[in-house]
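Asker: Fold the stuff below for me.
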Amino acid sequence: MINRERIINNFIEMVKIYSPSKKEGKFANYLIETLKDLGGEIYLDNGYTKYGGDAPTIFAKFKGDLVSEGVTLCAHMDVIEPCENISPIIENGIIKTDGTTTLGGDDKGGVASIIEVLRVLKENNLSHQDIYVLLTPGEEAGMLGAKSIDWKDVPSNIRPTTNMIVLDNAGRAGIIAHSAPCQYNFTFTFRGKKAHAGIEPEKGINAISMAAAAIAQMKIGRINELTTSNIGSITSQFPTNVVPDYCSFHGEVRSHSEETLENIIDEYENIAKNVADKFTGEYTLELSYNYPILKPKDDLKFGKEFAKVYEELGVESELKVIGGGSDSNILAKEGFNSIIVGVGMYKVHTVEEYLVIEDLLKTTEAILNYIIKYLK
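Answerer: Numbers count the residues shown, from 1 in each chain. Just a heads-up that it's a prediction; the model follows:
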């Protein structure tokens, strides 16, 4: 029942709409009209006003004729730059670009899959339970749309149901991510004392030296099986003849254990304090808790059920713990039980990004089969 040509054409049409983070307005309007034409009841959350965006989070409900809790389908609307004037190329079963832009398979592949499922249900007049759709802006910029939803204003009749399929996993159809880490961002700033580097350097306190000494003692990279850390930037700009009195470095740490995460931050801060004391300088720490842990709320019942749907289609399934964050982490705070599935997007966030058409079709068929066969 999946229309191969239609879903490909729809995907290509969508990736040609410019929609980087905070500038998804045109694409959001396109989707709102599409969802209305398919019979959706629409609610728009304007949380984008909190972070300077231009597109709402789109809620849509498609009333079914069967009694059950239904399912929620979720994807995000924004695309990583460079994503203007995308020229899609279909070749050997994949969709790619000319190498000057990203493709936007992340996550317009997910959006195309959702739209195709809704179209098949409508044109074939298939019985189904209630279906909820949630499309967010700003995911690539730190899940801004999901974080900014004002849940108390979402009408109760359109609030998405608990079990949520998030179509935003890189890789092949059949991979079902069910657990993801929480994450802190950190910025350590060291302050020393300026002095002339050529005449009296001993009167200065070198902030870069303090930062370097701290970093050298910190565990960075793979800390354990479920915990990683990284430093992404160091800032200090002084002439070579001045002992620098300022240096900061910015990084992240993520883990599937909140306790481990907190222990690492404590360890980092102890290192910074000891270094500052040794140099007789000062340090400050800024922390931001970006997103919480994602883990199943039903002992993986939902994930295993969807894995069975893949297997019935002849697609090898794999339940997986992943190391990245997504809207699923943010939505977990609101009680949603998410699985994250792949639609065949590879090399995402690069100009070499491509989408495997067969994977897109397989996941779309799996979602359709789950709706019409398992939720009755």
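Asker: Please name the residues that touch the residue nearest to L261 when sequence neighbours are not counted.
Answerer: In space, and not counting its chain neighbours, L261 is closest to S255: 4.4 Å by C-beta to C-beta, 6 or more residues apart in numbering. Every C-beta, even on glycine, is put in place using the N, C-alpha and C of the backbone. Taking C-beta atoms under 8 Å, 6 or more residues apart in numbering as the criterion, S255 is in contact with 181-182, 223, 226-228, 261, 264.
Asker: how about CSV for these, with pLDDT added?
Answerer: Below are these laid out as CSV (pLDDT from 0 to 100):
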residue, pLDDT
P181, 96
C182, 95
I223, 96
L226, 91
T227, 96
T228, 97
L261, 95
I264, 97
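Asker: Can you tell me which of these comes closest to Y43?
Answerer: Within the contacts of S255, the smallest distance to Y43 is 28.7 Å, found for C182 (C-beta to C-beta).
Asker: Check the gap between the closest one and P137 for me.
Answerer: 22 Å (C-beta to C-beta, to the nearest Å).
Asker: who has more neighbours, these two?
Answerer: Using other C-beta atoms under 10 Å as the criterion, C182 and P137 rank with P137 on top: 31 against 21.
Asker: how about the more buried one, phi and psi?
Answerer: phi -90, psi 170 (degrees, to the nearest 10).
Asker: my read: it touches G52, true?
Answerer: No. Between P137 and G52 there is no contact under C-beta atoms under 8 Å: 11.2 Å.
Asker: Need the residues touching each of those two.
Answerer: Taking C-beta under 8 Å, 6+ apart as the contact rule, P137 and G52 both touch K22.
Asker: Tell me which stretches of the stretch 51-200 of the chain form strands.
Answerer: 57-62, 71-76, 89-91, 94-96, 131-136, 163-169, 175-179, 182-191 (DSSP state E, counting those that start in this stretch).
Asker: ok, the longest one: who's next to it in the sheet?
Answerer: Strand pairing for strand 182-191, using DSSP bridges, gives strand 246-255 (antiparallel), strand 282-291 (antiparallel).
Asker: which residues touch G70?
Answerer: Applying C-beta under 8 Å, 6+ apart, we find G70 in contact with 64, 129-132, 161, 375.
Asker: now swap in Y346 and tell me
Answerer: Neighbouring residues of Y346 by C-beta under 8 Å, 6+ apart: 170-171, 353-356.
Asker: quick check, D359 in a helix?
Answerer: Yes. Per DSSP: H, G, I helix; E, B strand; the rest coil, D359 lies within a helix segment.
Asker: Return the distance of A207 relative to L287.
Answerer: A207 is 20 Å from L287, by C-beta to C-beta.
Asker: If you count surrounding residues, which of the two has more?
Answerer: Under the criterion of other C-beta under 10 Å, the comparison of A207 against L287 puts A207 first, with 27 against 12.
Asker: can you pull the contacts of the more buried one?
Answerer: Listed by C-beta under 8 Å, 6+ apart, the contact set of A207 reads 190-192, 236, 244-247, 281.
Asker: just the buried members of those residues?
Answerer: 190-192, 236, 244-247, 281 (16 or more other C-beta atoms under 10 Å).
Asker: Pipe these into JSON lines and attach pLDDT per row.
Answerer: Output for the buried ones among the contacts of A207, formatted as JSON lines (pLDDT from 0 to 100):
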{"residue": "F190", "pLDDT": "98"}
{"residue": "R191", "pLDDT": "98"}
{"residue": "G192", "pLDDT": "98"}
{"residue": "S236", "pLDDT": "98"}
{"residue": "P244", "pLDDT": "98"}
{"residue": "D245", "pLDDT": "98"}
{"residue": "Y246", "pLDDT": "98"}
{"residue": "C247", "pLDDT": "98"}
{"residue": "G281", "pLDDT": "98"}
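Asker: Spatially, which two of those are the most separated?
Answerer: Greatest spatial distance among the buried ones among the contacts of A207 (C-beta to C-beta): S236 and G281, at 13.1 Å.
Asker: Now do the longest helix belonging to the chain: which elements does it pack against?
Answerer: What stands out as the longest helix in the chain, according to DSSP state H, is helix 258-279. Other elements packing on helix 258-279 under the criterion 3 or more C-beta pairs under 8 Å, 6 or more residues apart in numbering; DSSP states H and E are strand 182-191, helix 207-217, strand 221-224, strand 227-235, strand 246-255, strand 282-291.
Asker: Looking at the ones you listed, spot the one closest to L31.
Answerer: Closest of the helices and strands packed on helix 258-279 to L31 is strand 282-291, at 24.2 Å (criterion: C-beta to C-beta).
Asker: Give the rounded mean pLDDT of stretch 369-376.
Answerer: Taken as a whole, stretch 369-376 carries a mean pLDDT of 86.
Asker: Number the chain from 119, please
Answerer: All right, first residue 119 from here; so that's stretch 487-494.
Asker: list the buried ones in that stretch?
Answerer: For stretch 487-494, using 16+ other C-beta under 10 Å, the buried residues are 487-490, 493.
Asker: next one: stretch 317-326
Answerer: Using 16+ other C-beta under 10 Å as the test for burial, stretch 317-326 gives 322-326.
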